[in-house]
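> Provided below are the primary sequence and the corresponding predicted coordinates.
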Amino acid sequence: MTIMRQVIKRVVVGILAFCSFAAVAQDDAPAGPILFTNVDVFDGVNEKLMENVNVVVTDNKITQISSEDLAVAGGRVINGEGHTLMPGIIDAHTHLMFSGITFPEVLFQRQSYGTIQSTLIARDTLMNGVTTVRDMAGDVFGLKRAIDDGSIPGPRVYPSGAMISQTSGHADFRLPAQDNPMFGGARPVPDQKGHGAQVDGVPQMLAVTREQLRLGASQIKLAVGGSVSGINDPLDTTQFTLEEIQAAVAAAENWGTYVTVHGYTTRAVNQAIDGGVKSIEHGQLLDKPTLERMAKEGIWLSIQPFTLCHEDGLTDAQNAKQAIVCEGTGKVYEWIKQMPDLKVVHGTDIFISPGPGIGVSEEVEQMERLLKWFTPYEILKMSTGNATELLQLSGPRNPYPGDLGVVKEGALADLLLVKGNPLEDIKAVSNRDNIKIIMKDGKIYKNTVN
Ligand SMILES: [Zn+2]
């Protein structure tokens, strides 16, 4: 390398390092315990706030919560008067690798472009107060690694890896002229990028499930029924056979984890539950008996308020399916409201965006949309305390062992300090300006208090 090139490289590296630092500066205050004084605490579970308490964070854990005066030797004190300390938001259903780009870009652009956009989205996601995501399809492993090793800011990621789908299923994005890969055709583009995996039959299902586990999946995601975005799968279809689903479940359970499935309809979801899956993504077209079965059998519902019946960026065919899902959404939320035993988490399903770098505002908008059915407490619990148990289902594959989504002694320190009381006005969280401190794993990523 010539000296000139070395100089240019150093300058470029220096500029990039400065830009990333300037965009999200991790707090450079001295290491040591952090004491939040005079805060009200929403613990992620209870509707009643703990009022006027003091909370200590040591390293990456919450170590003390007390109404007594506390002191931290060599530490730092943050006066939280007038603020509420609460768990970081957990988005139970995202696609970081498909965010910040349009639908055609998912299919037709080089992956490097998508990766850069997802890096920006990961940062914005964290800066919206979302400290953990369950990533429900996408080759997110490299992004997760770069976040975890501190190279870039972003939320904790529970990766699924490729969404596993059958020929003619949700992730089969081949055009009509493209032959099936089983018969010499090219694999669908999302499969080539590691975002999808088109499989048929038990042996392929076992191989591809084990492949995701090998890459570090904390749970496995199958598509077991028709989708909105898929171009070859009508909404009413049931995908995979019982034996194929059972094969994925067996491979996942041999690694101590679980299978979750994309599914809207009663038929598709009941077959998946028969096959041993533990969680349903979406479910907007379910009937009441299926929801009751889920409540009885402890099956999780990870649902999104799909109340926009037409979305720019979708084709007419996709929007026709979106309209049907949209119609079912309100009905299912009303039934959920009547079923306190049903385990429900909130996920955004941020998937495509109107343009580069846009998309994370969805998290905020959806929280406000949910007010049509739920109280702020119910909404925030779906995004914090409820998710704790779901994340534990990953067992030994859990990349972040410990309690997330709750404020209690011993839990991991993913915390938001927000202005006001979010249980009275959800804007205390959904308005980004009201989030004064964002802490993940004990590190402060935003601080506009002191
Ligand atoms: Zn999704």
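Received, thanks.
> For the residue of the chain found nearest the ion, give its distance to Val199.
In the chain, no residue comes nearer to the ion than Asp349, which is 4.3 Å away by CB to the ion. C-beta coordinates here come from the backbone N, C-alpha and C atoms, glycine included. Using CB to CB, to the nearest Å, Asp349 is found at 23 Å from Val199.
> which of the two has more neighbours?
Remark: of Asp349 and Val199, Val199 carries more neighbours, 28 against 22, as counted by other CB atoms under 10 Å.
> Assess the claim that Gly74 and Gly32 are in contact.
Yes. Assessed by CB atoms under 8 Å, Gly74 is found in contact with Gly32 at 4.7 Å.
> Look up which helix or strand the residue nearest to the spatial centre of the chain falls in, please.
Nearest residue to the geometric centre of the chain (CA atoms, centre = their mean): Val133, 2.9 Å. Assessed by DSSP states H and E, Val133 sits inside strand 130-135.
> for that strand, packing partners?
strand 89-94, strand 156-159, helix 385-392, strand 435-440 (3 or more CB pairs under 8 Å, 6 or more residues apart in numbering; DSSP states H and E).
> Just name the most buried of these.
A comparison of those by mean neighbour count, using mean count of other CB atoms under 10 Å, puts strand 89-94 on top with a mean of 29.
> following that one, which helix or strand comes up?
Downstream of strand 89-94 (by DSSP H and E), the next one is helix 103-108.
> what's next to that next one, contact-wise?
98, 113-114, 173, 189-190, 195, 229, 313-314, 352 (CB atoms under 8 Å, 6 or more residues apart in numbering).
> The same query, at a cut-off of 10 Å, please.
95, 97-99, 101-102, 113-114, 117, 138, 173, 175, 188-190, 193, 195, 229, 231, 311, 313-315, 318, 351-353, 355-356 (CB atoms under 10 Å, 6 or more residues apart in numbering).
> Please pick the buried ones from the residues you listed.
Among the contacts of helix 103-108, those that count as buried by neighbour count (16 or more other CB atoms under 10 Å) are 95, 97-99, 101-102, 114, 117, 138, 173, 188-190, 193, 195, 229, 231, 311, 314, 318, 351-353.
> tell me the contacts of the spatially closest residue to Ile147 that is not a sequence neighbour?
Nearest residue to Ile147, sequence neighbours excluded (CB to CB, 6 or more residues apart in numbering): Gly154, at 3.8 Å. Applying CB under 10 Å, 6+ apart to Gly154 gives the contacts 24, 96, 118-127, 130-131, 133, 143-144, 146-148, 440, 445.
> Can you list which of those are found in helices?
The helices in this structure, assigned by DSSP state H, contain 118-127, 143-144, 146-148 from those.
> before we move on, back to that, quick one: contacts for the residue of the chain closest to the ion?
Contacts of Asp349 (CB under 10 Å, 6+ apart): 91-95, 136, 228-229, 262, 281-282, 302-306, 362, 366.
> just Glu378 next, same as before
Counting by CB under 10 Å, 6+ apart, Glu378 has contacts 47, 336-337, 344, 346, 370-371, 386, 423.
> Quick check on those residues: which are buried?
336, 344, 346, 370, 386, 423.
> Make CSV out of those residues and add pLDDT and distance to Ser160.
Formatted as CSV, the buried ones among the contacts of Glu378 follow (pLDDT from 0 to 100; distance: CB to CB, whole Å):
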residue, pLDDT, distance to Ser160
Ile336, 96, 24
Val344, 97, 19
His346, 92, 17
Leu370, 91, 24
Asn386, 95, 19
Leu423, 97, 32
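> just those residues now: which is nearest Trp255?
Asn386 (24.4 Å; CB to CB).
> Sitting in helices, which of the buried ones among the contacts of Glu378 do you find?
Per DSSP H, the buried ones among the contacts of Glu378 map to helices at 336, 386.
> How confident is the prediction for Thr315, by pLDDT?
pLDDT recorded at Thr315 is 85.
> And Ser165, by the same measure?
97.
> Could you measure from it over to Tyr113?
In terms of CB to CB, Ser165 sits 24 Å off from Tyr113.
> And Gly420, by the same measure?
Taking CB to CB, one finds Gly420 at 39 Å from Tyr113.
> CA atoms only: put stretch 185-198 into PDB for me.
This file holds the C-alpha atoms of stretch 185-198, laid out as PDB (Å, rounded to 0.1, in the frame of the first residue of the first chain):
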ATOM      1  CA  GLY A 185     -33.800 -23.700 -10.800                       C
ATOM      2  CA  ALA A 186     -32.100 -20.900  -8.900                       C
ATOM      3  CA  ARG A 187     -32.900 -20.500  -5.200                       C
ATOM      4  CA  PRO A 188     -35.200 -17.500  -4.400                       C
ATOM      5  CA  VAL A 189     -33.200 -14.300  -3.900                       C
ATOM      6  CA  PRO A 190     -34.000 -14.100  -0.100                       C
ATOM      7  CA  ASP A 191     -32.700 -17.600   0.300                       C
ATOM      8  CA  GLN A 192     -29.500 -16.600  -1.500                       C
ATOM      9  CA  LYS A 193     -29.100 -13.800   1.000                       C
ATOM     10  CA  GLY A 194     -29.800 -16.100   4.000                       C
ATOM     11  CA  HIS A 195     -33.100 -14.400   4.800                       C
ATOM     12  CA  GLY A 196     -35.300 -17.300   3.700                       C
ATOM     13  CA  ALA A 197     -35.100 -21.100   3.200                       C
ATOM     14  CA  GLN A 198     -37.400 -22.900   0.900                       C
END
